[in-house]
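Student: A structural model of the following input is requested.
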Amino acid sequence: MTGQYRVSRAAQKALDEIYLYSLDHFGEAKATDYLTDLFERFEAIAAGKVIGKEIPAAFGVDGKFARCGKHYVF
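Tutor: Got it, this is the predicted structure:
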């Protein structure tokens with residue numbers, strides 16, 4: 001079963017920046033691998049396969065977050 005998730009415009013911009021930074025510093029293969037890892041983490045969280053922490057109510061959204069590499073995925 002696959003989980004459903006959405007990537008906001010702000011998150012898409014951040015993903016683009018993460019990719020470009022990784023490309024500059026680590027090369028195309030590592031940048032692509034890291035972006036793939038992030039999207040796999042999105043899927044795992046959405047499918048309930050990752051034990052993440054609840055997003056605090058102060059943020060006004062339901063969901064969980066977990067770490068992936070150097071970043072947090074919400």
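Student: which residues does the strand ranked longest in the chain contact?
Tutor: Criterion DSSP state E: the longest strand present in the chain is strand 64-68. Applying C-beta atoms under 8 Å, 6 or more residues apart in numbering, the contact partners of strand 64-68 are 37-38, 41, 45, 50-55, 72-74. Glycine gets a C-beta too; all of them are placed from N, C-alpha and C.
Student: among those residues, which are located in helices?
Tutor: Asp37, Leu38, Arg41, Ile45 (DSSP state H).
Student: and the second one, how many neighbours?
Tutor: Right, Leu38. 20 (other C-beta atoms under 10 Å).
Student: contacting residues for it?
Tutor: Leu38 touches Leu15, Ile18, Cys68, Gly69, His71, Val73, counting by C-beta under 8 Å, 6+ apart.
Student: nearest residue to the third one other than its sequence neighbours?
Tutor: To tie it back to what came earlier, the one meant is Cys68. Arg41 (4.1 Å; C-beta to C-beta, 6 or more residues apart in numbering).
Student: list the contacts of the one you found.
Tutor: When contacts are counted by C-beta under 8 Å, 6+ apart, Arg41 touches Val50, Ala66, Cys68, Val73.
Student: if you go through this structure in chain order, where are the strands?
Tutor: Using DSSP E, strands in the chain cover 53-54, 64-68, 71-73.
Student: okay if I get these as CSV plus distance to Leu23, mean neighbour count and mean pLDDT?
Tutor: Conversion of the strands of the chain to CSV gives the following (distance: least, C-beta to C-beta, whole Å; neighbours: other C-beta atoms under 10 Å; pLDDT from 0 to 100):
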stretch, distance to Leu23, mean neighbour count, mean pLDDT
strand 53-54, 30, 10, 88
strand 64-68, 18, 15, 86
strand 71-73, 16, 16, 87
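Student: among those, which comes closest to Gly3?
Tutor: Judged by C-beta to C-beta, the one of those that comes nearest to Gly3 is strand 64-68, at 10.8 Å.
Student: before we move on, back to that, partner strands of the longest strand of the chain, with direction?
Tutor: If you go by DSSP bridges, strand 64-68 pairs up with strand 53-54 (antiparallel), strand 71-73 (antiparallel).
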